[in-house]
Each structure stands twice: as structure tokens, then as C-alpha cells.
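Participant: sequence? don't have it. structure:
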């Protein structure tokens, strides 16, 4: 058995803030959907996405359906969603 010590001092990550974008309408825009696929919300999320598609007629839907309910969405996937969509719907602790 061994004891491993970690240095508790870390580097604080700095984030680059982008200018906030505003939309006059959600109709016909590109949407991102992030869902953790928790069993308690599967039916709700499916109905929500269906209603969004029927009502807002998005130009494109980019989905991140996480494979691990409790872990954050992969950073690369989240960055792609931010770059390729006009707005996002994030649900159930995703």
C-alpha cells in the first residue's frame, strides 16, 4: 500500500467571454439540445423536442445525449454546440 500526495495549489482557468447574442425570434434558427437521458425524464424530453420542432421549425437541431447521466457533457461536444447553433435547450441536470 502506498500514500499518494497531491499539491492542493492549482491554476485557475481563465475563460474568454464572448459578446452576448440576442435573437428576435426562435423560429427557423439552429438549436442545440443537451440532455442527460435520465430515465425519469425520457418521455418528457422526447415530447419537448417534438414540440420545439413542430412549433419553431428549426433550421437544424444538434443534439448532445450524454452517455453518463452524472458527468458533464464532453467539452468538445459543448464547444461544437456553442459554435454551430443559435441557442440551446439544456435539460435535467445536463
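Facilitator: Structure's in. What do you need? Since the model is a prediction, treat every value here as computed from it, not as a measurement. Residues are numbered from 1 along each chain as shown.
Participant: please, where are all the helices along this protein?
Facilitator: 42-56, 75-84 (DSSP state H).
Participant: what about the longest one, distance to the chain center?
Facilitator: Relative to the mean C-alpha coordinate of its chain, helix 42-56 is positioned 16 Å out (CA atoms, centre = their mean, to the nearest Å).
Participant: which of the residues in that helix are buried?
Facilitator: For helix 42-56, the buried set under the neighbour-count rule, 16 or more other CB atoms under 10 Å, comprises 45, 49, 52, 56. To be clear about C-beta, it is placed using only N, CA and C from the backbone, and glycine gets the same treatment.
Participant: list the helices and strands it packs on?
Facilitator: strand 30-35, strand 60-65, strand 87-91 (3 or more CB pairs under 8 Å, 6 or more residues apart in numbering; DSSP states H and E).
Participant: which strand residues bridge the nearest residue to residue 78 once chain neighbours are set aside?
Facilitator: Using CB to CB, 6 or more residues apart in numbering and skipping residues adjacent in sequence, the residue nearest residue 78 is residue 64, 7.1 Å away. Here residue 64 sits in beta bridges with residue 34, as judged by DSSP bridges.
Participant: and the gap between residue 64 and residue 38?
Facilitator: 14 Å (CB to CB, to the nearest Å).
Participant: coming back round to it: redo the helices and strands packed on helix 42-56 as TSV? Include mean pLDDT.
Facilitator: Output for the helices and strands packed on helix 42-56, formatted as TSV (pLDDT from 0 to 100):
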stretch	mean pLDDT
strand 30-35	96
strand 60-65	95
strand 87-91	92
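Participant: contacting residues for the spatially most central residue of the chain?
Facilitator: Nearest to the mean C-alpha position of the chain, by CA atoms, centre = their mean, lies residue 34 at 3.7 Å. Applying CB atoms under 8 Å, 6 or more residues apart in numbering, we find residue 34 in contact with 63-64, 66, 73, 78, 81, 88-91, 94.
Participant: tally of neighbours for residue 85?
Facilitator: When counting by other CB atoms under 10 Å, one arrives at 19 neighbours for residue 85.
Participant: report all helices and strands that the lowest-mean-pLDDT helix or strand in the chain contacts.
Facilitator: Every helix and strand in the chain was compared by mean pLDDT, DSSP states H and E; the lowest is strand 87-91, with a mean of 92. Counting contacts by 3+ CB pairs under 8 Å, 6+ apart, strand 87-91 is packed against strand 30-35, helix 42-56.
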